[in-house]
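Chemist: Pasting the sequence and the predicted coordinates here, then a few questions.
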Amino acid sequence: MKPKFKDSLICLNCRSALEWSDTRVRCSACNTGYPLSDGHPNFLKKTLGLDIAPERDIIHSGLSHYLKFLKNRRLQRILAPVMFFKDSRGKALLNDLLKQSTRILNVGSGDTDLGENVLNIDVISGKGVDILAEAHRLPLADQYFDAVICMDVLEHVRDAEKTIGELDRVLQEGGRIFITVPFIQRFHPSPNDFRRYTFTGLRSLNTGWMAEKSGTWMGPACAIQEMLTNFCAILFSFGSPALNNAFLIIFRYLFYPLQLLDYFLCRYPNSVLMAMDFYALFEKRNEAATASKRRG
Ligand SMILES: [Zn+2]
């Protein structure tokens, strides 16, 4: 875990600060201990009730199964592309957020580490993960962070409202939140998949958040590519999951060039009508200002 974030941790039972030792972190007030897994504090309940599959994703596990003779994950990704074209304006907003903030929380980070100023949280241990914790009960102090990132995560959490409440709680007033959510995308349990958001649904996640900028993150061409890929895999699988996974690889290559159209389509405002994924950058409103606006 990155040392600069050690003082962000609080006890899930009593919300007091935690003390560190070599083998665990312990609450000085109620004496609850949390184990360290590979040096990273583990706040997961033993009975998570999250149906966590041993692998992160059936797409990835399916592909890794066929490509596991290649030890290099990057090579696996190139040979079995599950990467999609992302809108440059959305990427620029994320980069600005990373440059301008000093205490950033990335909820559901996976293996992605966006830098020294980012605390990475996930429910599955991975390369860049600093803390193992659930998004709807974060072991983090109120208003500690000046930015929060939550990318393609809200569809995977069992309780989205509680999760949004937690993102809000740990963020300072005036802080910023960058969220992406899928719209037209296949079912992808990672470890589970509960919901989709429309463009309006994303912009209205929390009344205390003002959407500064929002738009298409992955466009209609990505959506149609993914639908065609999966449709053909299902059609030719004759119901066999193994054949389905094999055909996913083939059809991903076949339809891959389609997504290049998103270079143009993401710029069209009507691309939100059938985008694969949306982004939004919010600012957490100052409570006093919001109240006075309501009165005025
Ligand atoms: Zn405690």
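Modeler: That came through fine.
Chemist: in the stretch 51-200 of the chain, what residue is nearest the ion?
Modeler: Residue of the stretch 51-200 of the chain nearest the ion, by Cβ to the ion: residue 139 (10.2 Å). Using the backbone N, CA and C atoms, a C-beta is placed for each residue, glycine as well.
Chemist: Name the nearest residue to that residue, ignoring sequence neighbours.
Modeler: Leaving aside its chain neighbours, residue 139 sits nearest to residue 43 (4.6 Å; criterion: Cβ to Cβ, 6 or more residues apart in numbering).
Chemist: Give me the neighbour count for the one you found.
Modeler: Per other Cβ atoms under 10 Å, the neighbour tally for residue 43 reads 22.
Chemist: Now do the contacts for it.
Modeler: Counting by Cβ atoms under 8 Å, 6 or more residues apart in numbering, residue 43 touches 12, 34, 131, 132, 133, 134, 137, 139.
Chemist: Would you mind listing which of the residues you listed are buried?
Modeler: For those, a burial check counting by 16 or more other Cβ atoms under 10 Å picks out 12, 34, 131, 132, 133, 134, 139.
Chemist: The first one: what's it in contact with?
Modeler: For residue 12, the contact set (Cβ under 8 Å, 6+ apart) comprises 32, 43, 137, 139.
Chemist: I'd like to know how far the first one sits from the ion.
Modeler: Okay, so that is residue 32. To the ion, residue 32 is 5 Å away according to Cβ to the ion, to the nearest Å.
Chemist: show me where the stretch 151-296 of the chain has strands.
Modeler: Using DSSP state E, counting those that start in this stretch, the strands of the stretch 151-296 of the chain run over residues 171-182, 209-218, 277-284.
Chemist: The second one: which residues count as buried?
Modeler: Residues 209, 211, 214, 215, 216, 217, 218 are the ones in strand 209-218 that count as buried (16+ other Cβ under 10 Å).
Chemist: what bridges to the fourth one?
Modeler: The one in question is residue 215. For residue 215, the beta-bridge partners under DSSP bridges are residue 279.
Chemist: dump the residue contacts of it.
Modeler: 87, 89, 90, 266, 269, 271, 272, 278, 279.
Chemist: For the last one, the count of nearby residues, please.
Modeler: Applying the criterion other Cβ under 10 Å, we find 24 residues in the vicinity of residue 279.
Chemist: can I assume it is in contact with residue 90?
Modeler: Yes: at 4.1 Å, residue 279 counts as touching residue 90 under the criterion of Cβ atoms under 8 Å.
Chemist: tell me, what's touching the two both at once?
Modeler: Common neighbours of residue 279 and residue 90 (criterion: Cβ under 8 Å, 6+ apart): 180, 215, 216, 217.
Chemist: Any buried residues in stretch 178-187, and which?
Modeler: 178, 179, 180, 181, 182, 183, 184, 185, 186.
Chemist: rewinding a little: closest one to residue 257 among the strands of the stretch 151-296 of the chain?
Modeler: Closest to residue 257 of these, according to Cβ to Cβ: strand 209-218, at 15.5 Å.
Chemist: Now the closest one - C-alpha only, CSV.
Modeler: Extracted in CSV, the C-alpha atoms of strand 209-218 (Å, rounded to 0.1, in the frame of the first residue of the first chain):
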residue,chain,number,x,y,z
TRP,A,209,-23.1,16.3,-7.8
MET,A,210,-23.1,18.7,-10.6
ALA,A,211,-22.3,17.2,-14.0
GLU,A,212,-19.6,19.5,-15.5
LYS,A,213,-18.9,17.5,-18.6
SER,A,214,-20.4,14.3,-19.9
GLY,A,215,-20.5,12.3,-23.1
THR,A,216,-19.8,9.1,-25.0
TRP,A,217,-16.8,7.2,-23.6
MET,A,218,-17.0,4.2,-26.0
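Chemist: Right, I'll call it a day here.
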